[in-house]
Every structure is written in C-alpha cells, then in structure tokens.
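Trainee: Here is the input, now give the coordinates:
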Amino acid sequence: MKKAKIYIPSKTAMQSGRGKQKNWILEFEIKDSKINPLMGWETSTDTLEEVLLKFSSKEKAIEYAKKNSISFKVIEPKKKEFVIKSYADNFIKK
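Mentor: Take a look at the predicted model:
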C-alpha cells in the first residue's frame, strides 16, 4: 500500500511572503533508498518519490488519497499570530 503525507509547505528563508503557502501537498514516502555503489549517491527504484500533487484544500487531498487507496498522514500547519506594531513602538520605553 502506498503511504503519503499531506501538508502545507513552509516558506523558505529566501521568501518574505506567504504566497506559496496556499496549496496542500500530497507527497509519497520513499520505500527503498540505497547507496549507489558507483557514485556513492543515494538512489531508489521507487519513482513515486518524485511525485508532488498540489490541491487547493486539505479536504480535496484527503478525498484523492481515499479514492486511490493511499494511506496518509495529515500534518497540520502551525498557526502564527501576527502582532501589528507601529514604527514608533520601537522607541517607546515600557
């Protein structure tokens, strides 16, 4: 049985916005990884490791996984609380 995880990707250090955090990703887990004896690189015969499916909502990703009999694990995003401050708050002593 295929195994996958469903999550929203976190932003990279090079991003300041949250534009790429709208889609949910279904990513398959790697079954067998080995070390290539010739080059020393990590290799696998499982081609599903290269497949990333994007969905507009978590429910659609779960529905797809159930429809195609894929066992899955949902990783919920951490909620971030944004504190809106004024520039003048940097100079006010409390």
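
Trainee: For this protein, just list every one of the strands.
Mentor: For the chain, the strands defined by DSSP state E occupy 3-7, 24-28, 34-35, 42-43, 52-55, 71-74.

Trainee: contacting residues around the lowest-mean-pLDDT helix or strand in the chain?
Mentor: When the helices and strands of the chain are scored by mean pLDDT, DSSP states H and E, strand 42-43 comes last with a mean of 80. With contact meaning CB atoms under 8 Å, 6 or more residues apart in numbering, strand 42-43 is reached by 33-36. C-beta coordinates here come from the backbone N, C-alpha and C atoms, glycine included.

Trainee: D32 and S44 touch, don't they?
Mentor: Yes - shown here, D32 and S44 form a contact pair, counting by CB atoms under 8 Å, at 5.8 Å.

Trainee: More neighbours: which of these two?
Mentor: Higher neighbour count among D32 and S44: S44, with 14 against 9, using other CB atoms under 10 Å.

Trainee: Alright, that wraps it up for me.
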